[in-house]
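**Q** how would this look folded up:
(one chain, ligands or ions: 1)
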Amino acid sequence: MQIRPLKDLSTLVSLSKRRGFVFQSSEIYGGLGSCWDYGPLGSLMKLNVKRAWWNAMTRRSDIVGLDAAILMHPTVWKASGHVDGFSDPLVDCKDCKTRFRADNTDSYLHHKKCPNCGSKNLSEERNFNLMFKTHMGPLEDTGSVVYLRPETAQGHFVNFLNCQQSSRSKIPFGIAAIGKSFRNEITPGNFIFRTREFEQMEMQYFVEPGTDAKYFEEWKETRLQFYSKYGIKKENLKVHVHEKLAHYARAAVDVEYKFPMGFSELEGIHNRSDFDLTQHQTHSGKSLEYFDEPNKKKFIPYVIETAVGCDRLFLAFMCDAYREEVTTDEKGVEDVRVVLGLHPEIAPYKVAVLPLSKKDELSIPAEKLRDQLAEDFDVAYDESASIGKRYRRQDEIGTPFCVTYDFDTLNDQSVTVRHRDKMSQERIAIKDLNDYIRKALKNF
Ligand code: GAP
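**A** All right, here's what the predicted structure looks like:
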């Protein structure tokens, strides 16, 4: 048997649409650029991605959760540097009206030419702020401007003392959050890799200055272990160390994943020093110092940040899991089994119930069995087409187990459980089925 990995993003885009993972936003109106909707399977899987990250973070005794508002006081973005510095340089072509980024467009960088029509009739470079602006309240004047947050992290900084004091946490401790962020990206693209509306999963770990380098190294390791636990192939990950650092950063690395378009950032891990808390302390006039009770001293903690896009991780899981198993018969005819080898915690459904026949005799008890399993798991149910075709449908969406309800079941109250990867089969009593699936998922 030959195994073919994913060759291009378009294969995944079409599988996503056909099977209900991801749809183009507002498709019936021609779509809205770089916005995507998660369908029946995608919404289940995205919840699983978030749950995996959330549990990895908040089931530790030293990290608490936060769910901050998207709209924040406008001064937050002044203090964070986003109002003045969160921008890309843009150039307009006066002939074909294309607008492009000046800092990463080859034809412009090398020849001062438009990448679309080759014209040299170009505007000056202008800085374009990536934050989406809106107005709060009935008046659309400068005093009512608010921004859609471009990152979740600022909610952690402004709530640092609220979280620390209400949870009586001692440093080192972290704040974790999952939420929507918005960036008016100039060059979104590559499906859900870079979009204008996306979800981030960020954690800020507050530490005593001087211990920051140690915790930075620890978090690098912890995050790599997370990817390994969820089955991301080692050869598809690499750590890129930033040589040029932002003025406030002490250290920064990107965890990169080998997407079909090449290695690209999946997660950023940064040592942000005390920059953010100091900025908010200065702009708000409120102390954000931590009081270290045993040592009777006050200080502004340093922050180690881990920040990963939920949509980007979703895409990495899909890319990594996709495989085509190709067998060729004696006449040279190829048979291709498409498998989404997702980790069972990430897979949309854990188990599918497939009655061998559509007739009431089997379908009525099979639906009852579906309900029994649904008490513990997300369950698919499918009674149309041959059993072989139905197995393939589940393989393609990553369902770890299929349960076949056949005519023997009526007599022996047992079902056949089929394993997605090995395609092995076992006969299991219905009364033991939930326990069996629970254990099998754990030991997958
Ligand atoms: N608070 C730090 C921060 O926001 P970032 O590197 O700009 O850092 C963190 O973003 C992660 O968020 C990225 O590694 C990426 O996974 C995700 N992300 C950023 N911009 C994105 C976009 N336009 N579309 C999808 N995901 C994005």
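
**Q** please list the residues of the chain that sit near the ligand.
**A** Contact residues (CB under 6 Å from any ligand atom) of the chain with the ligand: 151, 153, 183, 185, 194-195, 198, 200, 202, 265-268, 305, 307-309, 311-312. Glycine gets a C-beta too; all of them are placed from N, C-alpha and C.

**Q** among those residues, name the ones in strands.
**A** Counted as lying in strands by DSSP state E, out of these, are F198, Q200, E202, E265, L266, E267, G268, E305, A307, V308, G309.

**Q** give me the neighbour count for the residue lying closest to the fifth one once chain neighbours are set aside.
**A** Going back to what we said before, that points to L266. Leaving aside its sequence neighbours, L266 sits nearest to Y257 (CB to CB, 6 or more residues apart in numbering; 4.3 Å). By other CB atoms under 10 Å, 25 other residues sit near Y257.

**Q** show me what the helix or strand where Y257 lies is packed against.
**A** Take DSSP states H and E as the rule and Y257 turns out to sit in strand 251-259. Strand 251-259 makes packing contacts with helix 212-229, strand 237-241, strand 262-271, helix 310-321 when contacts are defined by 3 or more CB pairs under 8 Å, 6 or more residues apart in numbering; DSSP states H and E.

**Q** list the contacts of the longest one.
**A** It refers to helix 212-229. Here helix 212-229 makes contact (CB atoms under 8 Å, 6 or more residues apart in numbering) with 52-53, 56, 172, 205, 207, 234, 237, 239, 250-251, 253, 255, 267, 269, 271, 273, 302, 304, 306, 308.

**Q** which ones are touching the most centrally placed residue in the chain?
**A** Residue closest to the average C-alpha location in the chain (CA atoms, centre = their mean): C310, at 1.8 Å. Shown in contact with C310 (CB under 8 Å, 6+ apart): K46, V49, K50, W53, I178, F198, E199, Q200, M201.

**Q** scan those residues and report the most crowded one.
**A** M201 (24 neighbours).

**Q** measure the residue of the chain at minimum distance from the ligand to T98 for me?
**A** Per CB to the nearest ligand atom, G309 is where the chain lies closest to the ligand, at 2.8 Å. To T98, G309 is 27 Å away according to CB to CB, to the nearest Å.

**Q** cool, and K234?
**A** Shown here: K234 relative to T98, a distance of 41 Å by CB to CB.

**Q** more neighbours: the two, which one.
**A** Counted by other CB under 10 Å, K234 and T98 do not tie: T98 has more neighbours, with 16 against 9.

**Q** could you give the number of residues near the spatially closest residue to that one that is not a sequence neighbour?
**A** Distances taken as CB to CB, 6+ apart put N116 closest to T98, at 4.1 Å, once the chain neighbours are dropped. Neighbour count for N116, taken as other CB under 10 Å: 15.

**Q** what's the answer for the one 4 residues further on, then?
**A** Residues lying near K120 (other CB under 10 Å) number 12.

**Q** assign it to helix, strand or coil.
**A** Classification of K120 using DSSP: H, G, I helix; E, B strand; the rest coil returns coil.

**Q** can you pull the pLDDT of it?
**A** What the model reports for K120 is a pLDDT of 95.

**Q** repeat for I186
**A** On the pLDDT scale, I186 is placed at 84.

**Q** relative to L313, how far out is it?
**A** Taken as CB to CB, the span from I186 to L313 is 23 Å.

**Q** what of C402?
**A** To L313, C402 is 27 Å away according to CB to CB.

**Q** do L139 as well
**A** The gap separating L139 from L313 is 40 Å, by CB to CB.

**Q** okay, these two: which has more neighbours?
**A** Relative neighbour count places L313 above the other of L139 and L313, with 25 against 9, counting by other CB under 10 Å.

**Q** show the contacting residues for the nearest residue to that one once chain neighbours are set aside.
**A** In space, and not counting its chain neighbours, L313 is closest to V49: 5.6 Å by CB to CB, 6+ apart. Counting by CB under 8 Å, 6+ apart, V49 makes contact with C310, L313, F314, F317, I346.

**Q** next: N48.
**A** Counted by CB under 8 Å, 6+ apart, N48 has contacts E345, I346, A347, P348.

**Q** go on, R51?
**A** E345.

**Q** where does the prediction get shaky in the stretch 201-350 of the chain?
**A** For the stretch 201-350 of the chain, no stretch is flagged by pLDDT under 70.

**Q** mind listing the strands for the stretch 301-444 of the chain?
**A** Secondary structure of the stretch 301-444 of the chain (DSSP state E, counting those that start in this stretch): strands at 302-309, 322-328, 334-340, 351-355, 379-381, 401-405, 414-419, 425-429.

**Q** would you turn those strands into a markdown table with distance to N162 and mean neighbour count?
**A** Output for the strands of the stretch 301-444 of the chain, formatted as a markdown table (distance: least, CB to CB, whole Å; neighbours: other CB atoms under 10 Å):
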| stretch | distance to N162 | mean neighbour count |
| --- | --- | --- |
| strand 302-309 | 16 | 24 |
| strand 322-328 | 43 | 15 |
| strand 334-340 | 41 | 15 |
| strand 351-355 | 42 | 26 |
| strand 379-381 | 40 | 20 |
| strand 401-405 | 44 | 25 |
| strand 414-419 | 48 | 19 |
| strand 425-429 | 50 | 13 |
